[in-house]
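Asks: Give me the fold of what follows.
(one chain, ligands or ions: 2)
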Amino acid sequence: MSEERRVLKGIPASPGIAIGRAFVYNRRFAAINQRPIPADRVEAEISRFRTAVDEAMNDLTRLQRRIAVDFDQDIVKIFRAHQAVLEDPEVVDVTIVRIRRELTNAEYIFDDVMRGWIANYSSIENPFFRERTADFEDVHYRVLAKLTGNAQTGIEAADGEIVLVAHSLSPSDTAELDRDAVCGFITDAGGQTSHTAIVARGLAVPAVVGTNIATQAISDGMMIIIDGNSGMVHLDPDADTIRRYRETQSRLSVLGHELQELHDLPAETRDGRRIELSANIELPAELEDVLNHGADGIGLYRTEFLYLVGNELPPEEDQTRTYQRIARRMAPNQVIIRTLDLGADKMPKQMPDEANPALGQRGIRLCLDRPEMFKVQLRAILRAGVEGNVSLMFPMISGLQELRRAKALFEEARNELLEAGVPIDRKMPIGIMVEIPSAALTAHDLAKEVDFFSIGTNDLIQYTVAADRGNPSIASLYNPCHPAVLRLVASVIDAAHDNDIWVGVCGAMAAHPLAACILLGLGVDELSMSPIDIPEIKSLIRSADYQELKTITREALDLSTSEEIMRFMKPHQPKTELDVSDMMRI
Ligand code: PEP
Ligand code: MG
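Replies: Residues are numbered from 1 along each chain as shown. Ligands and ions are numbered 1, 2, ... in the order given. You can find the predicted model right below:
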C-alpha cells in the first residue's frame, strides 16, 4: 500500500485519539426478493407488515427509555423522529396500499418505498437535510430486520479496543453499542452537524466522519488510528506511527487533567484583566460539555438548530421549556439566546429559492418578514427570562432601522405577555451580532440602542473580503488577520466602549490562539467559542500580559497585510504549557 493510501482524510467530528482494530459494520440482509402474494393471503401479509412496524416502534420506545438515562433530551428526540417516520402515512399507508394493489410481499414493497425516500433526501443539496437520510436508513433497516429476521447484530458482539467503521452510523447504533468496547468511530457519510457527530461528542469518543471511502478502504481487524482533532485516519500504521500516537495519547490525558485544574480558575491575564470566556452551543445536548470545560456562560445559543432538527419551529411552550432548562442549568451565569438565523447555509426545505442566499433572506430579515413566527420565539425567550440570567441577541443586523423594527416586535411580544399576566424578565438585556460591515461602520449609532455587541467574525470576514466562508477554494482569502477585518473589529470595540456597553466575539476567530491575542489586545470583554476550545484559550489568557498586548496590537493595525500582521504578532503570543495544537502536531 502506498503512503497516501494509508491515510484517509475526513471531517473531525469528535476530538481525541483512538487506536484499535477495525470492525466494519455493514447492515447486511439476504437479498430482498420480490414474491407474489395470492389475493386471499394479502391481508395476512399486511398484518405481518403491521406487526413488524409495531415491534420496531416498541424497540424505539424502549431505546428512548434506556438512553434517556445517559443522554440529553435531544438525542431522545432523534428516536422520536424515527418513530415519526413510521407514523408517516407516506411510508406506512403507501406500503400497505401497494402490497394490496401489486399483490407483492411486504419487504419488497417497503424496501422500495424507503429507497425512494432515501434517494430524495440524499439528493437535497443542504448538508443538514442530506444528513437526515440516516434517520430513514435507520427505520428502513429496523423494519426490514423484523420482516426478514436476518439482521446482522455485529456491534454487540464486538469486544476489545474496537474502532467502528460504518457507511453511516445511526443514532440507535451508537446508543446501543458497548461503550467499553468501542474506542472510536469512522463513517463514510456525515458532516459536523450529523447525528453521529453529536452522539460521538456526547460520548466523548474520538470520531471522523465524511471520509467517503472508509468502509471500502478498511477491512475487519485492520489496525487503525483515529485523530479526531485533524480528521486523519491512519490505516495499518507502522510501529513508529503507533508509538508516536500512543505518546500523544498519554500526553493528552495528562493535559486533560491539567486543563481540568484550570476549570474553576478565571480567564484573567497576568496583569489582572478579566475576560468572560463563554461557550457557543447549537443544541442543549452540549450543556454538559459547556460545564465540563469551565465556561463562564453561554455567549451564543444558535437557536436555528431547534428549527432544523424538527424541520419547523417548536411551539411556544416547547421553546420556553428548552430555553428555561438551559438557563436553569447555567444559572447564575449568563445565557445569550440568539434569535433564529435561518438562511444561507442553514436552509430549511420550505425556504424561498434564492440565487444568492448568503445575501438574501437570512437571519433577522426572514424574521421581520414573518413577524408571527418571530414573536413566538420572542415570547418564549422572554418567558425563560424569569430565570434572571437570559439575554437576547439579534443576528444579521445591517443598520439602525432594522434594529428598531426588531425591537418594536420585541416590545409587542413583551406587552402581550404582560397583559396576559405571564411572568417575564422585564429588564432583559438586548444585544446584536455585529457581523455585517454596514453594522460595524455604524456601530456608534447602534451601540446607543443596545446593551451589548457580539462580533460575529465568521460572517464579518466573509462579507468584508467577499469570500464565502464555506468555499475551500478561496480559503486563503478568508483571513481573520486581514487588516480590513481587524480595523473593523477594533472600531466596533471602541464604539461599544465609548458608549459604555460590553463587546464580545463569538466567531471562530475567538478560538484561534494568535487571533485571540489580537482581540485581547484590542480590549474585547468576552470571547465565546466551542466548549472544547475553552481550556486552551483560558490557559493562553492566563499567560498573557494585557498592557503589552494592547500596545503591540495597536501597532499591528497599521500594518498593511495579514502576513505582516501575523509575523509581527507571533513573537508576542504567550507561550502556554498547554498548547494543544503543538501537542497534536505529530
Ligand atoms: C458568526 O457569524 O461569526 C457567528 C458566530 O454566527 P454563525 O457562525 O452562526 O453565522
Ligand atoms: Mg453569523
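
Asks: who in the chain is up against ligand 2?
Replies: Residues of the chain found near ligand 2 (Cβ under 5 Å from the ion) are Glu435, Gly456, Asp459. Every C-beta, even on glycine, is put in place using the N, C-alpha and C of the backbone.

Asks: How many residues are close by the nearest residue to the last one once chain neighbours are set aside?
Replies: Which is Asp459. In this structure, Asp459 finds its nearest non-sequential neighbour in Glu435, 3.8 Å apart by Cβ to Cβ, 6 or more residues apart in numbering. Here the count is done by other Cβ atoms under 10 Å, and Glu435 has 26 residues near it.

Asks: name the helices or strands packed onto the longest helix along the chain?
Replies: Criterion DSSP state H: the longest helix present in the chain is helix 42-68. Using 3 or more Cβ pairs under 8 Å, 6 or more residues apart in numbering; DSSP states H and E as the contact criterion, the neighbours of helix 42-68 among helices and strands are helix 73-87, helix 92-102, helix 106-122, helix 133-148, helix 171-176.

Asks: how about CSV for the ones you listed, with mean pLDDT, distance to Cys506 and mean neighbour count added?
Replies: Shown next, in CSV, are these (pLDDT from 0 to 100; distance: least, Cβ to Cβ, whole Å; neighbours: other Cβ atoms under 10 Å):
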stretch, mean pLDDT, distance to Cys506, mean neighbour count
helix 73-87, 72, 21, 19
helix 92-102, 94, 43, 16
helix 106-122, 86, 31, 18
helix 133-148, 80, 29, 22
helix 171-176, 60, 28, 22
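
Asks: which one of the ones you listed lies closest to Pro531?
Replies: Ranking the helices and strands packed on helix 42-68 by their distance to Pro531 (criterion: Cβ to Cβ) puts helix 73-87 first, at 15.3 Å.

Asks: May I see the helices and strands packed on helix 42-68 arranged in CSV, with distance to Leu300 as well?
Replies: Conversion of the helices and strands packed on helix 42-68 to CSV gives the following (distance: least, Cβ to Cβ, whole Å):
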stretch, distance to Leu300
helix 73-87, 17
helix 92-102, 40
helix 106-122, 29
helix 133-148, 26
helix 171-176, 25
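
Asks: Could you work out which of those helices reaches nearest to Ala544?
Replies: Distance to Ala544, taken as Cβ to Cβ, is lowest for helix 73-87 among the helices and strands packed on helix 42-68, at 35.9 Å.

Asks: What is the longest strand of the chain by residue count?
Replies: For the chain, the longest strand by residue count, based on DSSP state E, is strand 17-25.

Asks: State the mean pLDDT of it.
Replies: Mean pLDDT, taken over the full extent of strand 17-25, equals 90.

Asks: which neighbours does it have in its sheet, and in what orientation?
Replies: strand 162-166 (parallel), strand 223-227 (antiparallel) (DSSP bridges).

Asks: Asn212: neighbouring residues, count only.
Replies: Using other Cβ under 10 Å, Asn212 has 14 neighbouring residues.

Asks: before we move on, what about Asn58?
Replies: Per other Cβ under 10 Å, the neighbour tally for Asn58 reads 10.

Asks: Nearest to Ile218 among the residues of the chain next to ligand 2?
Replies: Ranked by distance to Ile218 (Cβ to Cβ), the residues of the chain next to ligand 2 are led by Asp459 at 37.8 Å.

Asks: re the thing from before, any idea how far Ala22 is from the residue nearest to Asp459?
Replies: As for Glu435, its distance to Ala22 is 43 Å (criterion: Cβ to Cβ, to the nearest Å).

Asks: try Trp117
Replies: 30 Å.

Asks: and if you look at Lys375?
Replies: 52 Å.

Asks: between these two, who's got more neighbours?
Replies: When Lys375 is set against Ala22 and neighbours are counted by other Cβ under 10 Å, the residue ahead is Ala22, at 24 against 17.

Asks: Could you pull up the residues touching Glu449?
Replies: Residues near Glu449 by Cβ atoms under 8 Å, 6 or more residues apart in numbering: Leu400, Leu403, Arg404, Lys407.

Asks: Quick check: pLDDT value at the residue in the stretch 301-450 of the chain that ligand 2 sits nearest to.
Replies: Proximity to ligand 2, evaluated over the stretch 301-450 of the chain using Cβ to the ion, is greatest for Glu435 at 4.7 Å. Listed pLDDT for Glu435 reads 97.

Asks: Give me the secondary structure label for Met393.
Replies: The three-state label for Met393, taken from DSSP: H, G, I helix; E, B strand; the rest coil, comes out as strand.

Asks: thought it was touching Val434?
Replies: No. Taking contacts as Cβ atoms under 8 Å, Met393 lies outside contact range of Val434: 10.5 Å.

Asks: who touches both of those two?
Replies: Between them, Met393 and Val434 share these contacting residues under Cβ under 8 Å, 6+ apart: Ser454.

Asks: Who has more neighbours out of these two?
Replies: When neighbours are counted by other Cβ under 10 Å, Met393 and Val434 differ, and Val434 comes out ahead with 32 against 27.

Asks: give me the beta-bridge partners of that one?
Replies: Bridge pairing for Val434 - DSSP bridges - gives Ile455.

Asks: Just to check, it is in contact with Phe453?
Replies: Yes. With the criterion set as Cβ under 8 Å, Val434 and Phe453 qualify as a contacting pair; they are 5.0 Å apart.

Asks: anything in contact with each of those two?
Replies: Taking Cβ under 8 Å, 6+ apart as the criterion, Val434 and Phe453 both touch Ala443, Leu446, Val492.

Asks: who touches the nearest residue to the last one once chain neighbours are set aside in this structure?
Replies: In other words, Val492. When the adjacent residues along the chain are set aside, Val492 lies closest to Ala443, with 4.6 Å between them (Cβ to Cβ, 6+ apart). Listed by Cβ under 8 Å, 6+ apart, the contact partners of Ala443 are Val434, Phe453, Ser491, Val492, Ala495, Ala496.

Asks: Restricted to helices, list these.
Replies: The helices in this structure, assigned by DSSP H, contain Ser491, Val492, Ala495, Ala496 from those.
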